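S.K.: Kindly return the folded structure for what I paste below:
(one chain, ligands or ions: 1)
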Amino acid sequence: MNDHRNKESMEQLQKFALHIGATRVKLLPAGKVCIEDRLANFCLDPKCPHWGQSMSCPPHISGPDSLREIVQSCRYVLVLRIEIQSESLHGADRPEVMRLLHEITAEVEKEAIRLGFTKSMGLAGGSCKPSFCHDQLHCRVLEEQGECRHPEHARQSMSGYGVDVGKLMQAAGWSTNLFATSDETEEEQLSWVAGLVLLR
Ligand code: SF4
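M.R.: I've put the predicted structure just below:
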């Protein structure tokens, strides 16, 4: 793909991501993605309740070194974020919010592939297990060596690969402390969740 076509495609991709529900989208040079082994290790210690429960989380994903290699093969990445009321993200709606994040990330990945970034790879915050397979005892891939039940939308865990999401937010110029004015006098705390699409 030539540079002009590349630029057009990336602009189109950002519009697409906003259109399907991302609150913010930013293209960044791939070098802005910081990957740290110690962050990936946090999945195990202190142990995340979803550690080892799906094919999309450690220890079943290939880990920081493999992601470093993939990032080195990219020129750009697209980072996206959904901003939402804190009570939704931290309450009973959390699995649905995280599911939406995975769905948006996966759709942006697919659009990137359609636009010519044929090896693009989307990663999303959180584990797919509580959002997609909460009513199943086990991940089908792990339990039966079968197909994922939701290959169209469930994506691998960004944290599990050690991506420094705070630095990504900084590189995008996005504050991590958010408020929205709900009426003339009150402000409500907002939270956010992020996804990443490696364009290649
Ligand atoms: S089968 Fe369910 S838990 Fe396993 S990878 Fe797919 S969505 Fe995740």
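
S.K.: Show me which residues of this structure are close to the ligand?
M.R.: 54-56, 128-129, 132-133, 139-141, 148-150, 154 (C-beta under 6 Å from any ligand atom). In this view, the C-beta of every residue, glycine as well, is placed from N, C-alpha and C.

S.K.: Quick check: buried residues in stretch 93-109?
M.R.: Neighbour counts using 16 or more other C-beta atoms under 10 Å place 94, 97-109 of stretch 93-109 among the buried residues.

S.K.: just to revisit the earlier point, please tabulate the residues of the chain next to the ligand in TSV, including the columns neighbour count, secondary structure and pLDDT.
M.R.: TSV is the format used below for those (neighbours: other C-beta atoms under 10 Å; DSSP: H, G, I helix; E, B strand; the rest coil; pLDDT from 0 to 100):
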residue	neighbour count	secondary structure	pLDDT
54	26	coil	98
55	16	coil	97
56	24	coil	97
128	26	helix	98
129	22	helix	97
132	22	helix	98
133	20	coil	98
139	24	coil	98
140	16	helix	98
141	18	helix	98
148	17	coil	98
149	13	coil	98
150	17	coil	98
154	25	coil	98
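
S.K.: related to what we said a few turns ago, for the buried residues of stretch 93-109, give me a markdown table that also has pLDDT.
M.R.: What follows is the buried residues of stretch 93-109, written out as a markdown table (pLDDT from 0 to 100):
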| residue | pLDDT |
| --- | --- |
| 94 | 94 |
| 97 | 96 |
| 98 | 97 |
| 99 | 98 |
| 100 | 98 |
| 101 | 98 |
| 102 | 98 |
| 103 | 98 |
| 104 | 98 |
| 105 | 98 |
| 106 | 98 |
| 107 | 98 |
| 108 | 98 |
| 109 | 98 |
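
S.K.: Helices - which of these land there?
M.R.: 94, 97-109 (DSSP state H).

S.K.: so residue 117, which of the three states?
M.R.: coil (DSSP: H, G, I helix; E, B strand; the rest coil).
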